[in-house]
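Visitor: sequence? don't have it. structure:
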């Protein structure tokens, strides 16, 4: 294999198989450029610079070995009320204190508070350290946290100064081996199930199966992530929170994770696990991070948005693809990052109480389906539900309010309500997709709902306070034998029934209150 020695070179897009050595020269990869090497990279005493801006990121991908430093001028969003960025180091061996010092002198632009605290935030999802689901900023002394090097593969909250270039200098070596990062579910101890991880490479990484069929973050880590939240959750930095990117994102659009881009993932392992960033995930494809977002190209999708006045508060999406089910399809369904988001849906079957931002179902069901809708809204505050996008032709989309016995055809008008009590949980609202034309009174979906969370030893019953009388609960095993019979009063809207002593299997639960009935399949593990 030949060796190439660089004296001075600007790279826009190059792929080469030789070894590359710099001895006193300079190599600059522009923000739209990419250098791919199957050979080895050596920087003896040269200068290697990679550039970026808010939606373009230089790439260097080395398949052989690498030695010597590079400097990646990584764009980081400006400080503001919601405008921080989630970033990880795209290089290895970088001291946090050195990074802070370098980027707060001269033309560098890391934000500080002027008293030793830097805009480098560490995310903590554990109560054990005293910071449950909180951010703690780096300080060079005193309170806060101090550390050695950036842990590549780990994410941090960062911000540049307002009005600056937004470019922060990351200087270190190129990682050329698979990287892992620890994640853990601390929700059972009043913490969180979320962990902040980051692309550790100075190249893009395939996120979903449309980027690469097998070498993508979600497929490689499918057994490591919480089934309901098997997605990459990117921070929007516009006040709207996090967007879930999975195999269904924007109608099967390839999703790529930019160099050094951090994101949230959810774990269901209380004893810790690790996610992997493999060399095979690396790619030169991609041009944007999660901040700017991408336009949706909807195919077999329904997008609902909730507004208060003219302000969009939250959205939820229905997605249809052949081969999916009404139950949980990991990597296709996605729970909302916020458990009390203003609008979400629930699974039609095998509901475990998780509010979904993406509800993925089969194309077979898309013109004859009723979907539980969750709306969280305070008493006396008007809200509006709008049908933002639908690409399902000749299908009527109704929002049912079971308490008021109304059906609103969202294809033609918005649903507007000022509730007389606080709204939460499922049971009152439903979305109906149908080829038929419906009118008020033709549909009477039960206000009652039941679900079983996979890691809990009880069944949750919702909507009890909406009933005029007590509710009789019957539970049947797969053979049709009644294994439970109990009655719940309507004093409390949500109540739990213990499943201790029941064998693992499929059960059918029947709820009866006056003329209202609900029959539903549950899985007890």
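Guide: Structure received. Quick caveat: nothing in here was measured; it's all calculated off a predicted structure.
Visitor: Only C-alpha atoms from now on, for both contacts and neighbour counts.
Guide: Will do.
Visitor: shaky segments in the chain?
Guide: For the chain, applying pLDDT under 70 flags the ranges 1-17, 81-82, 106-108, 127-133, 142-146, 238-239, 250-252, 291-299, 441-447.
Visitor: can I see the domain layout of it?
Guide: Taking automatic domain parsing as the reference, the chain has its domains at 3-172, 179-283, 301-434, 449-524.
Visitor: Reformat these as JSON lines; add mean neighbour count and distance to residue 290.
Guide: Converted to JSON lines, the domains of the chain look like this (neighbours: other Cα atoms under 10 Å; distance: least, Cα to Cα, whole Å):
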{"stretch": "domain 3-172", "mean neighbour count": "19", "distance to residue 290": "9"}
{"stretch": "domain 179-283", "mean neighbour count": "22", "distance to residue 290": "5"}
{"stretch": "domain 301-434", "mean neighbour count": "19", "distance to residue 290": "15"}
{"stretch": "domain 449-524", "mean neighbour count": "16", "distance to residue 290": "31"}
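Visitor: elements contacting the one helix or strand residue 125 maps to?
Guide: Using DSSP states H and E, the element containing residue 125 is strand 117-126. Judged by 3 or more Cα pairs under 8 Å, 6 or more residues apart in numbering; DSSP states H and E, the packing partners of strand 117-126 are strand 131-139, strand 156-158, strand 194-198.
Visitor: Tabulate the ones you listed in JSON lines, adding columns for distance to residue 167.
Guide: Formatted as JSON lines, the helices and strands packed on strand 117-126 follow (distance: least, Cα to Cα, whole Å):
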{"stretch": "strand 131-139", "distance to residue 167": "19"}
{"stretch": "strand 156-158", "distance to residue 167": "12"}
{"stretch": "strand 194-198", "distance to residue 167": "18"}
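Visitor: ok now the strand ranked longest in the chain, how far from the chain's centre?
Guide: Longest strand in the chain, counting residues (DSSP state E): strand 19-37. Mean C-alpha position of strand 19-37 versus that of the full chain (Cα atoms, centre = their mean, to the nearest Å) differs by 34 Å.
Visitor: before we move on, the earlier item: now what about the strand holding residue 125, what contacts it?
Guide: Strand 117-126 is touched from outside by 100, 110-112, 131-140, 155-160, 186, 189-196, with contacts defined as Cα atoms under 8 Å, 6 or more residues apart in numbering.
Visitor: The very next helix or strand once past the longest strand of the chain pairs with which strands, parallel or anti?
Guide: Helices and strands here follow DSSP H and E; after strand 19-37, the next one along the chain is strand 41-43. Strand pairing for strand 41-43, determined by DSSP bridges: strand 19-37 (parallel), strand 66-67 (parallel).
Visitor: Let me have those strands in a markdown table, adding distance to residue 511 as columns.
Guide: What follows is the strands paired with strand 41-43, written out as a markdown table (distance: least, Cα to Cα, whole Å):
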| stretch | distance to residue 511 |
| --- | --- |
| strand 19-37 | 60 |
| strand 66-67 | 64 |
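Visitor: quick one on the thing from earlier: now for the domains of the chain, which one comes closest to residue 440?
Guide: Between residue 440 and the domains of the chain, the tightest spacing by Cα to Cα is seen for domain 301-434, at 5.0 Å.
Visitor: can you give me the end-to-end distance of the closest one?
Guide: Criterion Cα to Cα, to the nearest Å; first-to-last residue distance in domain 301-434 is 14 Å.
Visitor: So what's the gap between it and the chain middle?
Guide: Worked out by Cα atoms, centre = their mean, domain 301-434 lies 18 Å from the chain centre.
Visitor: now do stretch 58-68
Guide: Worked out by Cα atoms, centre = their mean, stretch 58-68 lies 29 Å from the chain centre.
Visitor: please renumber so the chain begins at 45
Guide: In the new numbering, first residue 45, that becomes stretch 102-112.
Visitor: Quick one: end-to-end length of it, please.
Guide: 18 Å.
Visitor: what's that stretch in contact with?
Guide: 73-89, 94-96, 216-220, 246-248, 303, 323, 326-328.
Visitor: Check stretch 275-282 too.
Guide: Outside stretch 275-282, the residues within contact range by Cα under 8 Å, 6+ apart are 126-130, 251, 262, 285-290, 306-309, 334-337, 375, 378, 381.
Visitor: tell me the contacts of residue 246?
Guide: Shown in contact with residue 246 (Cα under 8 Å, 6+ apart): 102, 103, 104, 105, 116, 134, 135, 218, 303, 304.
Visitor: now these as TSV including secondary structure and distance to residue 525?
Guide: Formatted as TSV, these follow (DSSP: H, G, I helix; E, B strand; the rest coil; distance: Cα to Cα, whole Å):
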residue	secondary structure	distance to residue 525
102	coil	64
103	strand	62
104	strand	63
105	strand	61
116	strand	65
134	coil	59
135	coil	61
218	coil	63
303	coil	57
304	coil	56
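Visitor: quick one: what helix or strand has residue 284 in it?
Guide: Secondary structure (DSSP H and E) places residue 284 outside all helices and strands.
Visitor: wait, it sits on residue 357?
Guide: Yes. Here residue 284 lies in contact with residue 357, judged by Cα atoms under 8 Å, at a distance of 7.2 Å.
Visitor: what sits against the residue lying closest to residue 185 once chain neighbours are set aside?
Guide: Spatial nearest neighbour of residue 185, excluding adjacent residues (Cα to Cα, 6 or more residues apart in numbering): residue 160 at 7.1 Å. When the contact criterion is Cα under 8 Å, 6+ apart, the partners of residue 160 are 183, 184, 185.
Visitor: Would you mind measuring from the residue lying closest to the second one once chain neighbours are set aside to residue 141?
Guide: In this structure, residue 184 finds its nearest non-sequential neighbour in residue 160, 5.8 Å apart by Cα to Cα, 6+ apart. As defined by Cα to Cα, residue 160 lies at a distance of 11 Å from residue 141.
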